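Colleague: Take a look and give me a structure for this.
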Amino acid sequence: MEITPTFSIIIPAYNCEKTLSRALDSVISQSFNEWEVVVVDDGSSDKTLDVAVEYSKKDTRIKVHHKVNEGVSAARNLGLENAVGKYICFLDADDELFGNALNVFNRTLNTDIDIVCAGYSTIDIEGTLTTYVKEDFEKILNRDEAIELMYISSPFPYLGYCWGKCFRSDIIKQFSLSFDESIYFNEDRLFVTQYISCCNSIKFISESLYLYYHNPNSAMSSLSKGFNPKFMTDLDGFIGMKKCILKAGTTNRNIELANKGIVSSYWRIQWMMNASSSNTIARFAGLHWKLLKNLPMAIYFEEVIMAFLKKKFVGK
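Modeller: The predicted model follows:
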């Protein structure tokens, strides 16, 4: 009889033959052994699938799925469909879990905690390690307090990543949660916000359990090389977050932050298009149509129209 694993670690993998071993080795070396890995090869054109299959032959806890290339959200969704663990963790194929990560998650979780958000460290392309939180702490937040941190990230620089967290699979199944496959930027923060909106108790711990490697070929890094039209879906992510928290019945403070998030996303997209001469009438009209549908008219007028006029004619 096959034992149900405590943790399912979902790894979306695309053209990562050089780093996938590092990610898988970090799971295999965990001090807590009741886990499964669900690798989803997203139509890689290199030897990523071969690497994954070879590992699965050596360790039956590693399950491999192959699909046509549709993006990281579709890969994560296929991972969720096939995961059987009580808890879900996400691991990018070029990152690592610290050796005690699952043990800490297992010790921290209980029936009163719906999600654990842990600390993390980063390594840049020069090999410099940065750990953001030096002080040890654990604190429990309610849903509204945690949603606020999706906009104001404290104490960590950014909490919207789906990695570095441990989710309950029963909540994901109960509320039919999944990643929006039409969104290519900010899709992870949307998923985390949707999940937290279904929670009562969210635990934050400062201990660093995840090691993030800065990847010069990542989607975010691609933005420094020119305008990526897919970045326009960043606005869709923030709009989805607002709809989610409105449905959950959150605080006026969070609705205010949601509106600011939409406005900030619009200006980021607009600046990037202008900087690369990529603005078109169709893109401009599409963005403003979404703003009109999802912002109060007073905020749209003051923070978009008036802000534009001030920048154009006053230079501020």
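Colleague: Flag every buried residue along stretch 256-263.
Modeller: For stretch 256-263, burial by neighbour count (16 or more other C-beta atoms under 10 Å) applies to Leu257, Ala258, Asn259, Gly261, Ile262, Val263. Where you see a C-beta, it was placed from the backbone N, CA and C, and this is true even at glycine.
Colleague: Can you name the residues that contact Phe105?
Modeller: The contact partners of Phe105, by C-beta atoms under 8 Å, 6 or more residues apart in numbering, come to Phe7, Tyr87, Cys89, Val116, Ala118, Cys166, Leu209.
Colleague: SS state for it?
Modeller: Here Phe105 is recorded as helix under DSSP: H, G, I helix; E, B strand; the rest coil.
Colleague: The chain: strands as residue ranges?
Modeller: Using DSSP state E, the strands of the chain run over 7-13, 35-42, 62-67, 87-90, 96-97, 115-123, 129-131, 138-141, 165-168, 202-213.
Colleague: if we can go back for a sec, by neighbours, which of the contacts of Phe105 wins?
Modeller: Neighbour counts for the contacts of Phe105 peak at Cys89, which has 28 neighbours (criterion: other C-beta atoms under 10 Å).
Colleague: Distance check, the closest residue to it other than its chain neighbours against Asp236.
Modeller: Nearest residue to Cys89, sequence neighbours excluded (C-beta to C-beta, 6 or more residues apart in numbering): Ile9, at 4.9 Å. In this view, Ile9 and Asp236 are 28 Å apart by C-beta to C-beta, to the nearest Å.
Colleague: When those two are compared, which one has more neighbours?
Modeller: Counted by other C-beta under 10 Å, Ile9 and Asp236 do not tie: Ile9 has more neighbours, with 28 against 21.
Colleague: The more buried one contacts Leu91, correct?
Modeller: Yes: between Ile9 and Leu91 there is a contact at 5.3 Å, judged by C-beta atoms under 8 Å.
Colleague: tell me, what's touching these two both at once?
Modeller: Shared contacts of Ile9 and Leu91 (C-beta under 8 Å, 6+ apart): Val27, Leu97.
Colleague: can I assume Ser169 is in contact with Asn82?
Modeller: No: when contacts are counted by C-beta under 8 Å, Ser169 is not listed as touching Asn82 (11.5 Å).
Colleague: circling back to that earlier point, ok, what's across the strand from the residue nearest to Cys89?
Modeller: Here Ile9 sits in beta bridges with Val37, Cys89, as judged by DSSP bridges.
Colleague: if I pick it, what's in contact with it?
Modeller: The neighbourhood of Ile9, defined by C-beta under 8 Å, 6+ apart, consists of Val27, Trp35, Glu36, Val37, Val38, Cys89, Phe90, Leu91, Leu97.
Colleague: what do you get if the cut-off is 10 Å, keeping everything else the same?
Modeller: Contact analysis of Ile9 by C-beta atoms under 10 Å, 6 or more residues apart in numbering lists 23-24, 26-27, 30, 35-39, 61-62, 79, 83, 85, 87-91, 97, 101-102.
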